[in-house]
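Colleague: Sharing a sequence plus its predicted fold:
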Amino acid sequence: MSLDEIATIIDIIASVTVVISFIFIGFQIRQNTHALRMGAAQSSVQLLSDNMGRVVENRELAELLASRNDTADLIPLSELSSTDRLILSNFLSISFRHFEMLHTHRQYGIYEKELWLSTEFRMRQTLSRERVREWWYDNSPYYAPRFARFVDKTIRHISKEEKKAQSFKKAL
């Protein structure tokens with residue numbers, strides 16, 4: 001065997017080794033991406049459980065959140081006691097940081113679309129409360145601009161739905 005033949009064989013082996021390495025790296029990237037997505041989902045479940053636990057364990061917080069737009073005794077956020085405002089504000093800050101993190105993860109493809117849809121539904125449910133929207137208008141500058149625009153758009157959509165529902169009730 002000549003030196004040229006040996007060099008050609010070595011080049012072929014090196015090329016095959018490089019291809020196998022790329023395949024292996026691709027497989028590892030896929031596994032890491034899957035693990036990252038699963039971690040984001042698990043983190044979301046844990047944060048949501050922790051937040052819901054706060055409501056379950058704190059009757060005052062539950063009462064502050066339970067008041068809806070159609071409740072006659074709804075006191076605007078600005079008229080709540082400073083203690084109640086603090087309780088509600090801290091809870092909402094935690095909730096919206098959670099929503100913001102998941103929104104960002106969704107933008108980068110880390111958080112699955114199906115999971116995001118249920119998270120978005122939870123956020124819309126939270127934003128259906130007038131007090132929460134009032135809080136959001138005061139606190140939106142503390143959030144990433146892209147997320148703030150998303151929440152503002154969601155609020156506009158909710159407001160349109162509420163107006164349609166009110167018009168329908170009046171028509172009956």
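Modeller: Received, thanks. Bear in mind the structure is a predicted one, so any value in this text is a computation, not a measurement.
Colleague: Just give the nearest non-adjacent residue to Leu47, would you?
Modeller: His98 (4.7 Å; CB to CB, 6 or more residues apart in numbering). Bear in mind the C-beta positions are built from the backbone N, C-alpha and C, glycine included.
Colleague: close enough to count as contact, that neighbour and Gln46?
Modeller: No. If you go by CB atoms under 8 Å, His98 and Gln46 don't touch, sitting 10.0 Å apart.
Colleague: all helices for the chain, in order.
Modeller: Counting by DSSP state H, the chain has helices at residues 3-57, 59-66, 82-107, 113-127, 130-139, 145-171.
Colleague: Now tabulate these in a markdown table and tack on mean neighbour count, distance to Pro76 and mean pLDDT.
Modeller: Output for those, formatted as a markdown table (neighbours: other CB atoms under 10 Å; distance: least, CB to CB, whole Å; pLDDT from 0 to 100):
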| stretch | mean neighbour count | distance to Pro76 | mean pLDDT |
| --- | --- | --- | --- |
| helix 3-57 | 11 | 21 | 80 |
| helix 59-66 | 14 | 12 | 78 |
| helix 82-107 | 17 | 11 | 90 |
| helix 113-127 | 14 | 16 | 88 |
| helix 130-139 | 17 | 6 | 92 |
| helix 145-171 | 12 | 16 | 87 |
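Colleague: Backbone dihedrals for Ser128, please?
Modeller: Note on Ser128: its backbone torsions stand at phi -70, psi -10 [degrees, to the nearest 10].
Colleague: And the pLDDT at it?
Modeller: At Ser128, the model reports a pLDDT of 88.
Colleague: That one contacts Ile158, doesn't it?
Modeller: Yes. Using CB under 8 Å, Ser128 makes contact with Ile158 at a distance of 6.0 Å.
Colleague: My read is that Leu127 contacts Trp136, right?
Modeller: Yes. The criterion here is CB under 8 Å, and Leu127 meets it with Trp136 at 7.1 Å.
Colleague: what residues are shared contacts of these two?
Modeller: 151, 155 (CB atoms under 8 Å, 6 or more residues apart in numbering).
Colleague: Any chance of the helices of the chain in CSV with distance to Ile75 as columns?
Modeller: CSV is the format used below for the helices of the chain (distance: least, CB to CB, whole Å):
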stretch, distance to Ile75
helix 3-57, 19
helix 59-66, 10
helix 82-107, 9
helix 113-127, 18
helix 130-139, 8
helix 145-171, 19
